[in-house]
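Visitor: Please find the sequence and the predicted model below.
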Amino acid sequence: MKKLLTIATFLFSSIYLFGQNESRIIKVDYKKEAGKLNTMFKECIGAGRANEGLRADWQQQLALVKKECDFKYIRFHGLLTDDMAVYREDEKGNPEYNYQYVDVLFDFIVSLKMKPFVELGFMPNALASAKETIFWWKGNVTPPKDYKKWEDLIRNLTAHFKERYGDEEVKTWYFEVWNEPNLSPGFWSSTQEEYYKLYDYAVRGVKAVNKDYKVGGPATAGAAWVPETIDFCAKNNVPIDFISTHAYGVKHGYLDEFGTSGTILSKDEFSVSGEIINSRKQITESVKPNLELHYTEWSSSYTPADPIHDSYHSAAYILQKLKQVGNAANSMSYWVFTDIFEEAGPRFTPFHGGFGLLNTQGIKKPAYFSYYLMNKLGETELQNSDKASWTAKNAKGDVQVLLWDFTNTHPGDKELNQTYYIKDLPSKEKGKVKVEVDGMQKGKYLLEIYKVGYKVNDAFADYLAMNKPSQLTRQQVNSIKEKNNGAPISTEKITIDGKGTFSKEFKINENDVVMLNLIKQ
């Protein structure tokens, strides 16, 4: 991940809105480049907890997501919890370390040519100072009973990584201390000052193995503690290599431990993205202005029981927020890649508002296709004034135009996401879009058109049409997968003549996502 050297001025301009009878024009020139495409959107992806990563279906889904979306890093909770069998003490209180489960998981991740974004948490029970836990799987959220033993555990674990994967490889990893310590009670049973002590000792453990290994935090909910963490590290000469924090797009609250809360999608046009831009501003104005910024969790909603995660609205929402963020963040780690996710306990229905891009059976949700299509963008971005699209090209002469309409149709405070997004929600017309690409190489092209929207790559709509069975048969799973496979909705052979201009006009509806992929023949 590249350190940001400069930050482009972000203009808080409105997204191009247009009425039913108006046209939106996306006009670009093949020869006018904006530079290398910023791929912060696929630098990292989230997963629930380490132990889930030992499951065959979890691993199969991650392999698919890596192949089709090409995420570089993966982050998850629970690396140090007792179900990973990392730490215990003998009868005399001497530490015993074991990394057999960790090795199975990390070996698999590395085999996919991915890297771990290592979250250091939660507390092994034998090292914990109390018994407070979070989630169905009971991650201990208390400080260590002995900070020297905590430091020794982190040093021993880091040394194991160095021995197993090599110094140069581990230098490319990130070590993040804990998760959302500002939520107390919740993820941390103590104070902000106690978190900084935990951070300090963890940094010592990592840096004792190699001072060049990257450590950061505070991994807070709601973009909190950024200036305070930088100030603490600066004043106490404690190393920090990056800032990490989280943002979600619903009103009120940060934690829904057992998936029982009601949520409302924020009407703020710059929910999520505004927090990220502000975090970058806080870093820039600090004594450490060049720190990397990693949003190690983000999504429309913080609860694993929010049907917006399953809705076709999510596809355009994801693209809208990533576009607004621009280059303010080094990575934006979507939370999470799969509904194999047991914070609130194992889920009992195939579509339950889970965070995942894929459901438990590996069915691709509309959100999945946002990342699938972004991964098709070429390495060079084209200059483009439209605020709801990306235009790009690759070295072979192919051109891609990925565009969307995001319309927040949520009725507001009078209704919860949990009752709104489970309905059949037909999309309204939003007029026409004209795409024009000038300066193209003449010759023959294959035009592929991809689409995500209402009842198009919309698995939940098919589930709804089945009357929402509590369990899916094998045939039902296969039927939904075949209908929502992300294949082009149309293909066409075209010829670009000596003028070098491609032009196409089409209708668009609310929350449609459309990609035009012009493949040079």
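Guide: Cool, the structure landed. Residues are numbered from 1 along each chain as shown.

Visitor: Which strand or helix spans residue 151?
Guide: helix 147-165 (DSSP states H and E).

Visitor: Then residue 279?
Guide: Secondary structure assigned from DSSP H and E places residue 279 in helix 273-284.

Visitor: Who are the packing partners of that helix?
Guide: helix 226-236, strand 242-248, strand 292-299, helix 313-325 (3 or more Cβ pairs under 8 Å, 6 or more residues apart in numbering; DSSP states H and E). In this view, the C-beta of every residue, glycine as well, is placed from N, C-alpha and C.

Visitor: for these, which one sits closest to residue 331?
Guide: With Cβ to Cβ as the criterion, residue 331 lies closest to strand 292-299 of the helices and strands packed on helix 273-284, at 4.7 Å.

Visitor: What strands flank the closest one, and is each parallel or antiparallel?
Guide: Taking DSSP bridges as the criterion, strand 292-299 forms sheet pairs with strand 242-248 (parallel), strand 331-334 (parallel).

Visitor: follow-up on the earlier one: outside of the helix holding residue 279, which residues touch it?
Guide: Residues outside helix 273-284 that contact it (Cβ atoms under 8 Å, 6 or more residues apart in numbering): 7, 10, 222-223, 226-227, 230, 243, 245, 247, 268, 270, 289, 291, 293, 295, 298, 321, 324-326, 328-329, 332.

Visitor: hmm, try it at 6 Å
Guide: Applying Cβ atoms under 6 Å, 6 or more residues apart in numbering, the contact partners of helix 273-284 are 10, 223, 226-227, 243, 247, 291, 293, 295, 321, 324-325, 328-329.

Visitor: Next up, phi/psi of residue 506, please.
Guide: Here is the backbone geometry of residue 506 (degrees, to the nearest 10): phi -150, psi 160.

Visitor: Tell me the bridge partners for it.
Guide: Counting by DSSP bridges, residue 506 is bridged to residue 433.

Visitor: Let me know the pLDDT of it.
Guide: With respect to pLDDT, residue 506 scores 95.

Visitor: do the one 4 residues further on as well
Guide: According to the predicted model, the pLDDT of residue 510 comes to 98.

Visitor: residue contacts, it?
Guide: Contacts of residue 510 were listed using Cβ under 6 Å, 6+ apart, and they are 405, 407, 427-428, 430.

Visitor: Make a markdown table out of those and add secondary structure and neighbour count.
Guide: Below are those laid out as a markdown table (DSSP: H, G, I helix; E, B strand; the rest coil; neighbours: other Cβ atoms under 10 Å):
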| residue | secondary structure | neighbour count |
| --- | --- | --- |
| 405 | coil | 25 |
| 407 | coil | 19 |
| 427 | coil | 21 |
| 428 | coil | 11 |
| 430 | strand | 20 |
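
Visitor: Who are the packing partners of the lowest-mean-pLDDT helix or strand in the chain?
Guide: Scoring the helices and strands of the chain by mean pLDDT, DSSP states H and E places strand 250-251 at the bottom, with a mean of 92. Packing contacts for strand 250-251, counted by 3 or more Cβ pairs under 6 Å, 6 or more residues apart in numbering; DSSP states H and E, involve strand 264-265.

Visitor: could you give me the average pLDDT of the strand it packs on?
Guide: On average, strand 264-265 scores 96.

Visitor: Please enumerate residues in contact with that strand?
Guide: Strand 264-265 is contacted from outside by 250-251, 410, 417, using Cβ under 6 Å, 6+ apart.

Visitor: Against residue 45, how distant is the residue nearest in space to the middle of the chain?
Guide: Nearest residue to the geometric centre of the chain (Cα atoms, centre = their mean): residue 334, 1.2 Å. According to Cβ to Cβ, to the nearest Å, residue 334 stands 6 Å off from residue 45.

Visitor: again, but for residue 359
Guide: Residue 359 is 16 Å from residue 45, by Cβ to Cβ.

Visitor: Kindly report the same for residue 354.
Guide: 15 Å.

Visitor: and the closest residue to residue 37 other than its chain neighbours, how many neighbours?
Guide: Among residues not flanking residue 37 along the chain, residue 381 sits closest, at 4.5 Å (Cβ to Cβ, 6 or more residues apart in numbering). A count of neighbours around residue 381, defined by other Cβ atoms under 10 Å, yields 19.

Visitor: Let me know the secondary structure of residue 381.
Guide: strand (DSSP: H, G, I helix; E, B strand; the rest coil).

Visitor: what is it paired to in the beta sheet?
Guide: Beta-bridge partners recorded for residue 381 (DSSP bridges): residue 35, residue 392.

Visitor: Can you check the distance spanned by stretch 383-390, start to finish?
Guide: In stretch 383-390, first residue to last residue: 9 Å (Cα to Cα, to the nearest Å).

Visitor: Can you point out the buried residues in it?
Guide: Neighbour-count burial for stretch 383-390, counted by 16 or more other Cβ atoms under 10 Å, picks out 384, 386, 388-390.

Visitor: ok, of those residues, which one's closest to residue 512?
Guide: Closest to residue 512 out of these is residue 388 (10.6 Å), distances taken as Cβ to Cβ.

Visitor: per-residue pLDDT, the nearest residue to residue 302 once chain neighbours are set aside?
Guide: Distances taken as Cβ to Cβ, 6+ apart place residue 248 nearest to residue 302, at 4.1 Å, with adjacent residues excluded. We have a pLDDT of 97 for residue 248.

Visitor: circling back to that earlier point, nearest to residue 514 among the contacts of helix 273-284?
Guide: Taking Cβ to Cβ as the measure, residue 514 lies nearest residue 321 of the contacts of helix 273-284, at 18.0 Å.

Visitor: how much space between the closest one and residue 48?
Guide: Relative to residue 48, and taking Cβ to Cβ, residue 321 is found at 22 Å.

Visitor: Ok, residue 224 next?
Guide: Going from residue 224 to residue 48 by Cβ to Cβ gives 22 Å.

Visitor: Show me how the record splits the chain into domains.
Guide: Listed by automatic domain parsing, the domain ranges of the chain are 39-376, 389-520.

Visitor: Could you tell me the backbone phi and psi angles at the residue in the chain sticking out farthest from the centre?
Guide: Outermost residue of the chain with respect to the C-alpha centroid, by Cα atoms, centre = their mean, is residue 92; its distance is 43.5 Å. Phi and psi for residue 92, reported as degrees, to the nearest 10, are phi -100, psi 0.
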